[in-house]
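let me see the structure of the following:
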Amino acid sequence: MTTHAGAWSAPGALNERWHKLALNLFMFVVLAHWAEHIVQAVQVFLLGWPRPAAGGVLGLWIPWLVTSEWMHYGYAVIMLVGFFALAPGFVGRAKKWWKIALWIQFWHHFEHLLLLLQAITGRNLLGYPQPVSILQLVLPRVELHLFYNLVVFVPMMVAVYFHLRPSRADRAAMRCTCAA
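Numbers count the residues shown, from 1 in each chain. Prediction:
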């Protein structure tokens with residue numbers, strides 16, 4: 001909370017005066033990530049590229065980076081930090097949906113941590129030749145990440161919709177100006 005009108009304190013200023021900007025920046029990062037996965041899906045399913053060659057736009061420029069578990073884990077951490085940091089700015093129905101997206105992202109983060117630990121130690125789950133996540137045991141990686149992005153994105157967008165178009169009660173509880 002802020003102690004006076006011009007003070008900075010987290011989550012005060014971030015979830016009050018700066019919430020709209022921070023949420024827009026967060027959504028830009030999320031949409032850019034979505035775009036990468038969509039390009040990768042186009043490369044695999046429409047253009048017929050072999051999966052190892054389909055790295056999205058970033059993979060065309062920096063192929064070693066998109067195969068790095070560090071990059072994927074880093075993005076999962078950024079997402080989780082964004083969800084937690086922006087959560088106090090959400091109220092009512094929006095907060096419920098934001099929390100749903102946050103907990104799904106928490107699981108996604110855990111899966112990336114598992115992949116990263118396998119890459120670091122060289123000891124893969126169940127003797128697989130490459131690092132593998134739990135849900136990757138039943139769904140290939142490209143499809144799995146499209147699925148994860150979808151199941152995080154949908155409740156996130158519902159949360160943002162309710163946040164930008166709050167009920168009267170929710171608007172009265174809001175500390176930010178996102179819906180103004």
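
need the contact list for Cys76.
Residue 76: Ala, not Cys. Gln105, His108, His109, His112, Leu113 (Cβ atoms under 8 Å, 6 or more residues apart in numbering). Backbone N, C-alpha and C define where each C-beta goes, glycine included.

quick check: next helix or strand after the helix or strand in which it is found?
Per DSSP states H and E: Ala76 is located in helix 69-86. Going down the chain from helix 69-86, the next helix or strand is helix 92-121, by DSSP H and E.

how about that next one: buried residues?
Neighbour-count burial for helix 92-121, counted by 16 or more other Cβ atoms under 10 Å, picks out 92-95, 97-98, 100-102, 104-105, 108-109, 111-112, 114-116, 118-119.

quick check: what element follows that helix along the chain?
helix 141-164.

may I have the helix holding Ala76 exported as PDB, CA atoms only?
Extracted in PDB, the C-alpha atoms of helix 69-86 (Å, rounded to 0.1, in the frame of the first residue of the first chain):
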ATOM      1  CA  GLU A  69      16.100 -25.400 -21.200                       C
ATOM      2  CA  TRP A  70      17.400 -22.200 -19.400                       C
ATOM      3  CA  MET A  71      15.500 -20.000 -21.900                       C
ATOM      4  CA  HIS A  72      12.300 -22.000 -21.400                       C
ATOM      5  CA  TYR A  73      12.700 -22.100 -17.600                       C
ATOM      6  CA  GLY A  74      13.500 -18.300 -17.600                       C
ATOM      7  CA  TYR A  75      10.300 -17.500 -19.400                       C
ATOM      8  CA  ALA A  76       8.300 -19.800 -17.000                       C
ATOM      9  CA  VAL A  77       9.800 -17.800 -14.100                       C
ATOM     10  CA  ILE A  78       9.000 -14.500 -15.700                       C
ATOM     11  CA  MET A  79       5.400 -15.600 -16.200                       C
ATOM     12  CA  LEU A  80       5.100 -16.700 -12.600                       C
ATOM     13  CA  VAL A  81       6.700 -13.500 -11.200                       C
ATOM     14  CA  GLY A  82       4.300 -11.500 -13.400                       C
ATOM     15  CA  PHE A  83       1.300 -13.400 -12.200                       C
ATOM     16  CA  PHE A  84       2.200 -13.000  -8.500                       C
ATOM     17  CA  ALA A  85       3.300  -9.400  -8.900                       C
ATOM     18  CA  LEU A  86       0.100  -8.300 -10.700                       C
END
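
tell me the gap between that helix and the middle of its chain.
Relative to its chain's centre, helix 69-86 lies at 7 Å (Cα atoms, centre = their mean, to the nearest Å).
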